[in-house]
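>>> one predicted model, sequence on top.
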Amino acid sequence: MYTHLPDKQTLENLQAAFIQTLDAAQTPEAITQIRNDFLGRKDGKLTKILRQLKTLPEAERKAIGMQANAMKKTFEDALQEKLDQLGKKTVQKVWIDVTAPGKKPNIGRLHPISSMIQHIRRIFEQLNFDITNGPEIEDDYYNFSALNFQKEHPARDMHETFFLPRKHVLRTHTTATDIHYLETRKPPIRMVTIGKTYRRDADLTHTPMFHQFDGLMIDEHISMAHLKGLLHIVMERLLEARLEVRFRISYFPFVEPGAEFDVTCTLCRGEGCVTCKGTGWLEMGGCGMLHPNVLKNAKIDSEKYQALAFGFGIERPLMIKHKVSDLRIFFENDIRFLKQFDL
């Protein structure tokens, strides 16, 4: 606080101190500090002088007041000019080599499962199949009863199901979509459903949510020979390899006869390895001739028409194709793993 009334000499001394301090400032932060020291609303040195003007004799007040106000404007202009100079100096220090190669941006890509789904879609589109999907929440009728699962049939125990209120379930197979589709169309039919399914299962080769593709072909005189030929073509295109195929008799409530469909192991070429458990064969999924009861439930004449049916997981051929041993890693979203796939 000034102890004497401001006069011309006081202002000149203040101006000299301001110039000296400003010349020494080399950063924007220093400029801010100088502004607070000299022009701060509460403790600024020039601000204090302006407050004392009212104590001066009237004859001096006008002259000192004009000089002090002019000095305030000079200080503000000088501070801004210095700040601009420091900003230009900072920009000048940034050197850019315009001839240097640019940094390659990280480009997104399809998830391996999404890519496999697109691959499957293309295969069946080329075979003139209609691609469809249905609700993931089904009632008991479409998920079980319409597919020849009787009320107390032990085959229901094959599916560890996620049950929901009002007798609804998360669909345990994409086959549940078949009846929806058949209710609105008449033979001849070629259709494949691709989508998510849900079961209470989790280990190296199973997850609670997984993907399936499930197909039907309905026409007169359809046989197991058509089924074998169709699946042979599909699997060779899917795995991008020459394959031998075989049927193994199996049971599924919605097909009769039913079979497991196997292909030669793509890792050992049929010689036997750990992946195929020494058999030389890899199990791909279930298939067979659609049960007449299922055709009747869809109001299709089972005496006139026959239907082949198949249902395979999507993750399994993906694991085989890329030699991945643990299915769960596809759902962990580890970018280091996912970026390895050149899809």
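Okay, I see it.
>>> now E283: which helix or strand?
Assigned by DSSP states H and E, E283 falls within strand 281-290.
>>> quick one: contacts of that strand?
For strand 281-290, the external contacting residues (CB atoms under 8 Å, 6 or more residues apart in numbering) are 216, 218, 222-224, 227, 231, 235, 246-247, 250, 252, 254-266, 270, 275-276, 306-313, 316-317, 320. From N, CA and C alone the C-beta is placed, and that goes for glycine too.
>>> do the same with stretch 31-49
The contact list for stretch 31-49 (CB under 8 Å, 6+ apart) reads 1-2, 6, 10-11, 14, 17-18, 21-22, 25, 68, 71-72, 75-76, 79, 82-83, 86.
>>> of these, grab the buried ones for ChimeraX.
Burial among the contacts of stretch 31-49 is assessed by 16 or more other CB atoms under 10 Å; the matching ChimeraX selection reads:
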select :6,10,11,14,18,22,25,68,71,72,75,79,82,83,86
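>>> in strands, which of the contacts of stretch 31-49 fall?
Residues of the contacts of stretch 31-49 located in strands (DSSP state E): none.
>>> next one: L127 from A241, what distance?
The gap separating L127 from A241 is 18 Å, by CB to CB, to the nearest Å.
>>> report how many residues lie close to V234.
23 (other CB atoms under 10 Å).
>>> tell me what the spatially closest residue to E244 that is not a sequence neighbour is bridged to.
The shortest distance from E244 to any non-neighbouring residue, by CB to CB, 6 or more residues apart in numbering, is to T264 (4.4 Å). Beta-bridge partners of T264, counted by DSSP bridges, are W281.
>>> touching, T264 and E271? I think so.
No: between T264 and E271 there is no contact, the gap being 9.6 Å when judged by CB atoms under 8 Å.
>>> between these two, which contacts overlap?
Both T264 and E271 are contacted by G280, under the criterion CB under 8 Å, 6+ apart.
>>> neighbour count: those two, which is higher?
More crowded of T264 and E271, by other CB under 10 Å: T264, with 22 against 11.
>>> could I get the contacting residues of that one?
Going by CB under 8 Å, 6+ apart, the list of residues near T264 reads 243-245, 270, 280-282.
>>> do S145 as well
K151.
>>> please tell me how far the helix or strand hosting I117 is from the chain's geometric centre.
Using DSSP H and E, I117 sits in helix 112-126. Per CA atoms, centre = their mean, to the nearest Å, the displacement of helix 112-126 from the mean C-alpha position of its chain is 18 Å.
>>> stretch 47-56 too?
The answer for stretch 47-56 is 67 Å, by CA atoms, centre = their mean.
>>> show me what counts as buried in that stretch.
Within stretch 47-56, the residues that count as buried by 16+ other CB under 10 Å are 49-50, 52-53, 56.
>>> now do stretch 26-38
Here stretch 26-38 shows 30-31, 34-35, 38 as buried, counting by 16+ other CB under 10 Å.
>>> now swap in stretch 328-343 and tell me
330, 338, 341.
>>> check stretch 190-200 too.
190-195, 197-199.
>>> what does it contact?
By CB under 8 Å, 6+ apart, the residues outside stretch 190-200 that reach it are 117, 120-121, 124, 127-134, 136, 159-162, 170-175, 177-178, 181, 206, 208-218, 314.
>>> swap in 6 Å and give it another go.
Identification of contacts with stretch 190-200 by CB atoms under 6 Å, 6 or more residues apart in numbering yields 117, 124, 129-130, 132-133, 136, 160, 162, 170-174, 177, 181, 209, 211-217.
>>> check the offset of the worst-scoring helix or strand of the chain on mean pLDDT from the chain's centre.
Lowest by mean pLDDT, DSSP states H and E among the helices and strands of the chain is helix 58-93, with a mean of 77. Relative to the centre of its chain, helix 58-93 is centred 56 Å away, using CA atoms, centre = their mean.
>>> brilliant, that's me finished.
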